[in-house]
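Peer 1: next one to model:
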Amino acid sequence: MAKSFRMDTSGDKAHREDLLEDAMDRFDESTKSGAVVAALDFSRQIETALERASEHPDMTEELADVLSTSHFEVVHEVERDLRTPRD
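Peer 2: Take a look at the predicted model:
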């Protein structure tokens, strides 16, 4: 595994610089590396939380839509089944 990495922020990837600065602010990190690590940790935690939320009995289709992002889709499905006793 590499001990360091470089991120291209030139040309059409210039928006990445804004993302890094936003992450530094949001996660109260003083370095870009710290912001990346914090964002990755948050991503792992939010994925677990969204999985738990999707299975919660109070979940609705509307709430699933609100919780969905461009990277995580929360799906709410209702299963209905009618069973009758067999003689």
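
Peer 1: using PDB, list the CA coordinates for stretch 15-27.
Peer 2: Written as PDB, here are the backbone C-alpha positions of stretch 15-27 (Å, rounded to 0.1, in the frame of the first residue of the first chain):
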ATOM      1  CA  HIS A  15     -13.900  21.300  -7.700                       C
ATOM      2  CA  ARG A  16     -12.000  18.700  -5.600                       C
ATOM      3  CA  GLU A  17     -10.100  21.600  -3.900                       C
ATOM      4  CA  ASP A  18     -13.400  23.100  -2.700                       C
ATOM      5  CA  LEU A  19     -14.500  19.600  -1.500                       C
ATOM      6  CA  LEU A  20     -11.300  19.200   0.500                       C
ATOM      7  CA  GLU A  21     -11.600  22.700   2.000                       C
ATOM      8  CA  ASP A  22     -15.300  22.000   2.900                       C
ATOM      9  CA  ALA A  23     -14.200  18.700   4.500                       C
ATOM     10  CA  MET A  24     -11.500  20.500   6.500                       C
ATOM     11  CA  ASP A  25     -14.100  22.900   7.900                       C
ATOM     12  CA  ARG A  26     -16.900  20.300   8.400                       C
ATOM     13  CA  PHE A  27     -14.600  17.800  10.300                       C
END
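
Peer 1: just the pLDDT for residue 70.
Peer 2: For residue 70, the model assigns a pLDDT of 88.

Peer 1: number the residues from 45 up from this point.
Peer 2: Let's use 45 as the start, then, which means that last one is residue 114.

Peer 1: for it, grab the count of nearby residues.
Peer 2: By other C-beta atoms under 10 Å, the residues close to residue 114 number 5. Yep, even glycine has a C-beta here, placed from its N, CA and C like the rest.

Peer 1: quick check: mean pLDDT across stretch 122-131?
Peer 2: Per-residue scores along stretch 122-131 average to 73.

Peer 1: stretch 84-95 now?
Peer 2: Averaged over stretch 84-95, pLDDT sits at 93.

Peer 1: how far does that stretch sit from the chain's center?
Peer 2: 6 Å (C-alpha atoms, centre = their mean, to the nearest Å).

Peer 1: flag every buried residue along it.
Peer 2: Buried residues in stretch 84-95, defined by neighbour count with 16 or more other C-beta atoms under 10 Å: residue 94.
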